[in-house]
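A.B. asks: return a 3D structure for these sequence lines:
(chains A, B, C and D)
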Protein chains: 2
Amino acid sequence: MSAPALKHDVFQAIADPTRRRMLTLLADKEMPIAAISECFPITRTAVNKHLHVLSDAGLVSSKKVGRETRYRLQPEPLIEIKQWLDFFEQYWDEKLLALKMFVESDDA
Amino acid sequence: MSAPALKHDVFQAIADPTRRRMLTLLADKEMPIAAISECFPITRTAVNKHLHVLSDAGLVSSKKVGRETRYRLQPEPLIEIKQWLDFFEQYWDEKLLALKMFVESDDA
DNA sequence: TGCAAATGACACCTTTTGGTGTTATTATTA
DNA sequence: TAATAATAACACCAAAAGGTGTCATTTGCA
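C.D. replies: Here you go, the predicted model:
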């Protein structure tokens, strides 16, 4: 009842690196499938499937505009992951976190 | 070079609900496979496979003690997920986050 | 009206995943 | 030392995941 019982799990939706790239791509702009497909070395059909997985998880919304379907990020379901992560935060060392962030900031 | 090139991705490792439960189980205690298996309705072989996936992702460490192998949480790789999530945090509404946390706090 | 663009809907294929059972291997302990 | 407990290592299987290509449908426009 309280949970919408989505077909695809959020954790599973972000497991695929292609889908993660799609989310960053759609973070600040609305895009139709054709434009999204140009950013990936796979067919439009495959892109469409990934978008459906993301949509089932509630991570993107689609809107029909004329003959194209525009997708955009719907970040709210990511809260579930954040909450799950919060539980584990007490177990890692804060100093290690600071170190790791420092290390990764200079090879980006 | 900088990345250890782990066989299994952290995002993919936490995609499976059984593996997520294993992580919470191993969060505050070290456990051998037999004890872990008792918490799940699957065979020891299957449990072992899940533990290997987690181990490949760096999320658990194993230590041989006599004839048993004890596993324990290694939370550091979760930092990668936290960092990925941090990027999206700017896109969700803070009020919505507060609401969602309030709602979920009373049906737990 | 009629053609082209954009996407939806299938059918199909291969690899991975999550599971099983069986058979070693190693370590305790009676 | 022999029996047993704990797990590692296979071989195997069904279903799902990620991909392909083809065809149908809908919309924009010359």
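A.B. asks: straight-line length of stretch A:33-45, end to end?
C.D. replies: 10 Å (Cα to Cα, to the nearest Å).
A.B. asks: what pLDDT does A:Gln90 get?
C.D. replies: Turning to A:Gln90, the model gives it a pLDDT of 88.
A.B. asks: what comes into contact with stretch A:14-21?
C.D. replies: With contacts defined as Cβ atoms under 8 Å, 6 or more residues apart in numbering or on different chains, stretch A:14-21 is touched by A:13, A:23, A:39-40, A:42, A:50, A:53-54, A:59, A:78, A:81, B:9, B:11-12, B:14-15, B:84. In short, each C-beta sits where N, CA and C put it, glycine included.
A.B. asks: for that stretch, list the C-alpha coordinates in CSV.
C.D. replies: Extracted in CSV, the C-alpha atoms of stretch A:14-21 (Å, rounded to 0.1, in the frame of the first residue of the first chain):
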residue,chain,number,x,y,z
ILE,A,14,21.3,1.7,-11.1
ALA,A,15,23.3,-1.5,-11.2
ASP,A,16,23.9,-1.1,-14.9
PRO,A,17,26.6,1.4,-15.9
THR,A,18,24.7,2.4,-19.1
ARG,A,19,21.6,3.3,-17.0
ARG,A,20,23.7,5.3,-14.6
ARG,A,21,25.1,7.3,-17.5
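A.B. asks: in that stretch, what counts as buried?
C.D. replies: By neighbour count on 16 or more other Cβ atoms under 10 Å in any protein chain shown, the buried set for stretch A:14-21 is A:Ile14, A:Ala15, A:Asp16, A:Arg19.
A.B. asks: now do stretch A:74-86
C.D. replies: Quick answer for stretch A:74-86 (16+ other Cβ under 10 Å): A:Gln74, A:Pro75, A:Glu76, A:Pro77, A:Leu78, A:Ile79, A:Glu80, A:Ile81, A:Lys82, A:Trp84, A:Leu85.
A.B. asks: that one: how far from the chain's middle?
C.D. replies: Centre-to-centre, stretch A:74-86 and its host chain are 11 Å apart (Cα atoms, centre = their mean, to the nearest Å).
A.B. asks: got the CA coordinates for it in CSV?
C.D. replies: Output of stretch A:74-86 as CSV, limited to C-alpha atoms (Å, rounded to 0.1, in the frame of the first residue of the first chain):
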residue,chain,number,x,y,z
GLN,A,74,13.0,11.8,-11.5
PRO,A,75,15.5,11.6,-8.6
GLU,A,76,13.2,10.9,-5.7
PRO,A,77,13.6,7.1,-5.7
LEU,A,78,17.3,7.6,-5.1
ILE,A,79,16.3,8.6,-1.6
GLU,A,80,15.8,5.0,-0.8
ILE,A,81,19.4,4.2,-1.6
LYS,A,82,20.6,7.2,0.4
GLN,A,83,18.7,5.9,3.4
TRP,A,84,20.0,2.4,3.0
LEU,A,85,23.5,3.9,2.8
ASP,A,86,23.0,6.0,5.8
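A.B. asks: what's the mean pLDDT across that stretch?
C.D. replies: 94.
A.B. asks: now the contacts of stretch A:14-21: which count as buried?
C.D. replies: If we count by 16+ other Cβ under 10 Å, the contacts of stretch A:14-21 have these buried: A:13, A:23, A:50, A:53-54, A:59, A:78, A:81, B:9, B:11-12, B:14-15, B:84.
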